[in-house]
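> Fold the following for me, if possible:
(one chain, ligands or ions: 1)
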Amino acid sequence: MTSRRSFLKRIGIGFPAFSLLGLASFSSKAQEPHFGSDNQKAAIKPVVLSTWKFGFAANEKAWEVLNSGGRALDAVEQGVQVSENDPKVTSVGLGGLPDREGKVSLDACIMDEKGNCGAVAYLQGIKNPIRVARLVMEKTPHIMLAGKGAQNFALSQGFSLENLLTEESKARWEKWKLESNSDSNPDKPEINVEDHDTIGMIALDKNGDLSGACTTSGLAWKMHGRVGDSPIIGAALYVDNEVGAATATGKGEAVMKSLGSFLIVEFMRQGMSPQEACEKAIRRITERQPDAKEFQVGYLAINKQGETGAYSIQKGFTYNAFDPNRKEQNTSGHRFETAIRTY
Ligand code: ASP
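Model prediction:
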């Protein structure tokens, strides 16, 4: 201590100046140590968050697992399967709206508290891509399998081929084909706010471990072969058990450009709250992508303390948040203009 003070004197920095320097270096939130004083608070747990209104039923399933002391990984895997199995959810699994050629292809990924992850992309004919993603994680040396290879792997694991295009989704595709003028511009499929909605789910279990899952049929009427952000670790999902977890929904191309979920976890690592981190990651999109007013992206985040955050470019992003004190459906309620003005 003495030598430190005399060193400062020797180089001409007295105590007041040093305090000022110290103050400056801690005035920015980004430089605070991880979770600072929050370390004193007891963590809220278990917690589970998922995207969109239809995710409520998925959250209920995940909550059952978490509340009985189950692992976050099992909770998210079982939770999102509720949406995959529901033919009325037309943006995930069975009943998912097809691509412009009438083919349903699914993307999914999963990540656990140890940093293990698995993913499938452009998977056809298999109802539960999230289960296949988990098997990729646990039974192969790889992280992602795509297309025919992913399908063959699923079949080798006992899955069977199913027709995922329901009559209702087929009818919507046929109507779209009649009404769409996209044939005049086949290279530029429409990406609008209505025809998508992935389920992204992140959870903190009673043990304090984090995991996440994300599964989708992607953008309706996408180009055949298109893969979005949902199976990309770091884009639609990221989990770091020391820090937190994040997930994304919305225009996958925009999320991929900024690796949104990884970005949010890194912002939390720098000391931001989940809410601040989601807002800053949305701002990264709205500032860098000039057409951001035209599409939707929504983020959810949770930290090790069980604190949560949600933010979106457009108004109307709904999500489900269950913790021991509440069980509810919220809307991030943020408009593009608000996101811009906040910063
Ligand atoms: N992110 C998904 C995709 O781009 C769609 C969505 O979440 O709405 O495929």
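
> Every contact and neighbour count from this point should use C-alpha atoms.
OK.

> near the ligand, which residues of the chain?
Residues of the chain found near the ligand (C-alpha under 6 Å from any ligand atom) are H196, D197, T198, G218, L219, G228, D229, S230, T249, G250, K251, G252.

> Could you rerun that using 5 Å?
H196, D197, T198, G218, L219, G228, T249, G250, K251, G252 (C-alpha under 5 Å from any ligand atom).

> For the third one, which non-adjacent residue is closest in space?
Using C-alpha to C-alpha, 6 or more residues apart in numbering and skipping the chain neighbours, the partner closest in space to T198 is T216 (4.8 Å).

> Run through the residues that contact that neighbour.
Going by C-alpha atoms under 8 Å, 6 or more residues apart in numbering, T216 touches S91, V92, G93, G96, L106, D107, A108, D197, T198, I199, S230.

> who wins for neighbours among the residues you listed?
A108 (37 neighbours; other C-alpha atoms under 10 Å).

> Beta-bridge partners for it, please?
In this structure, A108 bridges to V120, T215 when assessed by DSSP bridges.

> give me the element the spatially most central residue of the chain is part of.
Geometric centre of the chain, nearest residue: T247, 1.4 Å, by C-alpha atoms, centre = their mean. Assessed by DSSP states H and E, T247 sits inside strand 244-250.

> Then N207?
Counting by DSSP H and E, N207 is part of no helix or strand.

> could you point out which element follows the strand holding T247?
Strand 244-250 is succeeded, C-terminally, by helix 252-258 (DSSP H and E).

> And that next one, what's buried?
G252, A254, V255, M256, S258 (16 or more other C-alpha atoms under 10 Å).

> picking up where we left off before, so what are the sheet partners of the strand holding T247 and their directions?
By DSSP bridges, strand 244-250 pairs with strand 237-240 (antiparallel), strand 297-303 (antiparallel).

> Now find how far off-centre the first one is within its chain.
If I follow you right, that is strand 237-240. 8 Å (C-alpha atoms, centre = their mean, to the nearest Å).

> which parts of it are buried?
Buried residues in strand 237-240, counting neighbours by 16+ other C-alpha under 10 Å, are found at L237, Y238, V239, D240.

> okay, those in JSON lines with pLDDT and distance to E294 next?
Below are the buried residues of strand 237-240 laid out as JSON lines (pLDDT from 0 to 100; distance: C-alpha to C-alpha, whole Å):
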{"residue": "L237", "pLDDT": "98", "distance to E294": "23"}
{"residue": "Y238", "pLDDT": "98", "distance to E294": "26"}
{"residue": "V239", "pLDDT": "98", "distance to E294": "29"}
{"residue": "D240", "pLDDT": "98", "distance to E294": "31"}
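
> for these, which one is nearest the ligand?
Taking C-alpha to the nearest ligand atom as the measure, the ligand lies nearest L237 of these, at 10.6 Å.

> how about the nearest residue to that closest one, chain neighbours excluded?
Of all residues not flanking L237 in the chain, T247 sits nearest, at 4.4 Å (C-alpha to C-alpha, 6+ apart).

> what does Q81 give?
N128 (6.6 Å).

> Hmm, D86 and the one you found touching each other?
No. Using C-alpha atoms under 8 Å, N128 makes no contact with D86, being 10.9 Å away.

> what residues are shared contacts of these two?
G93.

> Compare these two (neighbour count), which wins?
Neighbours were counted for N128 and for D86 using other C-alpha under 10 Å; N128 has more, 24 against 15.

> any chance you could map the helices in the stretch 201-343 of the chain?
Here the stretch 201-343 of the chain has its helices, by DSSP state H, counting those that start in this stretch, at 252-258, 260-269, 274-288, 336-342.

> which residues touch the residue nearest to L237?
200-202, 212, 214, 235-238, 261, 299-301.

> I'd like the helices of the stretch 201-343 of the chain laid out as JSON lines, including mean pLDDT.
Shown next, in JSON lines, are those (pLDDT from 0 to 100):
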{"stretch": "helix 252-258", "mean pLDDT": "97"}
{"stretch": "helix 260-269", "mean pLDDT": "98"}
{"stretch": "helix 274-288", "mean pLDDT": "95"}
{"stretch": "helix 336-342", "mean pLDDT": "38"}
